[in-house]
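Q: here's a sequence, model it:
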Amino acid sequence: MWLRPEPGRRRPRYTRDDLARAAVHIADTEGIEAVSMRRVAAELGAGTMTLYHYVTTKNELFTLMTDAVVSENIVPDAEMPTEWRAAVTAIALRTRAALRRHPWVFDIVDHPGIGPNGVRHFDQSLGALDDLGLDLTDRLDVIGVVDEYVFGFCLRERELFQPRDADNSTFDGLLKYLFTLVESGDFPNLRQLVDQHGMRGVWEQIEAHNTDVGRFERNLDRLLDGIERDIFRR
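A: Presented below is the predicted three-dimensional model:
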């Protein structure tokens with residue numbers, strides 16, 4: 001798709017960026033399942049067939065949307081730190097913020113094609129490690145493990161904060177089920193915690209940990225500590 005020119009020799013009525021913005025808006029407000037060629041066309045005030053001049057399939061539309069989200073991962077040059085840890089942290093924080101704004105991106109099953117913003121994000125990540133003198137394998141290791149932490153954290157965060165049923169019946173049933181497991185004697189470490197705090201008390205502490213606003217950066221620092229020790233002990 002990226003190698004195909006946008007339609008029209010003169011200035012076209014829409015651009016691929018227009019399509020991406022409209023589709024992202026729909027996904028943000030109505031969910032990814034609401035995104036369709038017809039719905040995006042309606043958002044733009046265009047005929048459905050008009051969109052096929054810009055993208056040939058819905059998967060290409062998803063590629064545009066994903067690349068639009070990735071554009072939010074990119075740290076502006078004026079805000080980019082020069083020290084490698086601060087730079088990696090800045091990219092990670094922006095990526096997390098983008099994924100929290102657009103959690104539906106995890107629901108795009110087919111792997112979207114790599115767009116220009118994806119390449120720009122990768123290029124910036126490489127640049128953040130320039131001063132360390134690492135070979136390509138080591139740089140890819142650092143970029144990969146940080147990305148895996150950020151994406152994994154955000155995916156897990158989304159799963160943890162699914163709305164609970166209003167009458168708490170499912171939650172109470174879950175606690176009862178967990179308590180029966182503890183009572184079986186097969187989980188001695190959990191048994192010790194329940195003896196100290198009670199089943200509900202243990203659960204409340206787990207929930208408090210999951211909602212701790214400092215947890216993301218605290219554990220990112222620990223990850224970078226390990227990377228730093230490995231790099232500078234060589």
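
Q: please count neighbours and contacts with C-alpha atoms only from this point.
A: OK.

Q: do you know how far Asp138 is from Glu60?
A: Going from Asp138 to Glu60 by Cα to Cα, to the nearest Å gives 32 Å.

Q: neighbour-wise, which of these two wins?
A: Applying other Cα atoms under 10 Å to Asp138 and Glu60 shows that Glu60 carries more neighbours, namely 16 against 13.

Q: secondary structure class for the more buried one?
A: Put simply, Glu60 is helix when judged by DSSP: H, G, I helix; E, B strand; the rest coil.

Q: pretty sure it contacts Arg16?
A: No: with contact defined as Cα atoms under 8 Å, Glu60 does not count as touching Arg16 (10.4 Å).

Q: check the secondary structure at the spatially most central residue of the chain for me.
A: Centre of the chain computed as the mean C-alpha position; nearest residue by Cα atoms, centre = their mean is Leu99, 3.5 Å away. Using three-state DSSP, the structure places Leu99 in helix.

Q: what residues are up against it?
A: Contacts for Leu99 (Cα atoms under 8 Å, 6 or more residues apart in numbering) come out as Val69, Val105, Phe151, Cys154.

Q: buried stuff in the one helix or strand the last one maps to?
A: Going back to what we said before, that points to Cys154. According to DSSP states H and E, Cys154 maps onto helix 136-160. For helix 136-160, a neighbour-count test (16 or more other Cα atoms under 10 Å) marks Arg139, Val142, Ile143, Val146, Asp147, Tyr149, Val150, Phe151, Cys154, Leu155 as buried.

Q: out of the contacts of Leu99, flag the one nearest to Thr29.
A: Nearest to Thr29 among the contacts of Leu99: Val105, at 13.2 Å, using Cα to Cα.

Q: domain ranges for this protein?
A: Under the assignment automatic domain parsing, the domains of the chain span 16-69, 70-161, 164-234.

Q: about what we covered before: packing partners for the helix holding Cys154?
A: Judged by 3 or more Cα pairs under 8 Å, 6 or more residues apart in numbering; DSSP states H and E, helix 136-160 is in contact with helix 84-101, helix 116-128, helix 215-232.

Q: and after it, which helix or strand comes next?
A: helix 169-183.

Q: now the helix or strand of the chain with the lowest mean pLDDT, how far from the chain's geometric center?
A: Within the chain, no helix or strand scores below helix 169-183, which has a mean of 86 by mean pLDDT, DSSP states H and E. With Cα atoms, centre = their mean, to the nearest Å as the basis, helix 169-183 stands 31 Å off its chain's centre.

Q: and it, which residues are buried?
A: Phe179, Val182.

Q: nearest to Val194 among the contacts of Leu99?
A: Checking the contacts of Leu99 against Val194 by Cα to Cα gives Cys154 as the nearest, at 28.6 Å.

Q: what sits against the closest one?
A: Cys154 neighbours (Cα under 8 Å, 6+ apart): Arg96, Leu99, Arg100.

Q: try Gly185
A: Taking Cα under 8 Å, 6+ apart, we find Gly185 in contact with Arg191.

Q: give me phi/psi at it?
A: Main-chain dihedrals, Gly185, degrees, to the nearest 10: phi 90, psi 0.

Q: and the strand or helix carrying Ala208, what does it pack onto?
A: Using DSSP H and E, Ala208 sits within helix 199-210. The contact analysis (3+ Cα pairs under 8 Å, 6+ apart) places helix 199-210 against helix 169-183, helix 188-197.

Q: turn those helices into TSV, columns for distance to Asp225.
A: Below are the helices and strands packed on helix 199-210 laid out as TSV (distance: least, Cα to Cα, whole Å):
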stretch	distance to Asp225
helix 169-183	36
helix 188-197	29
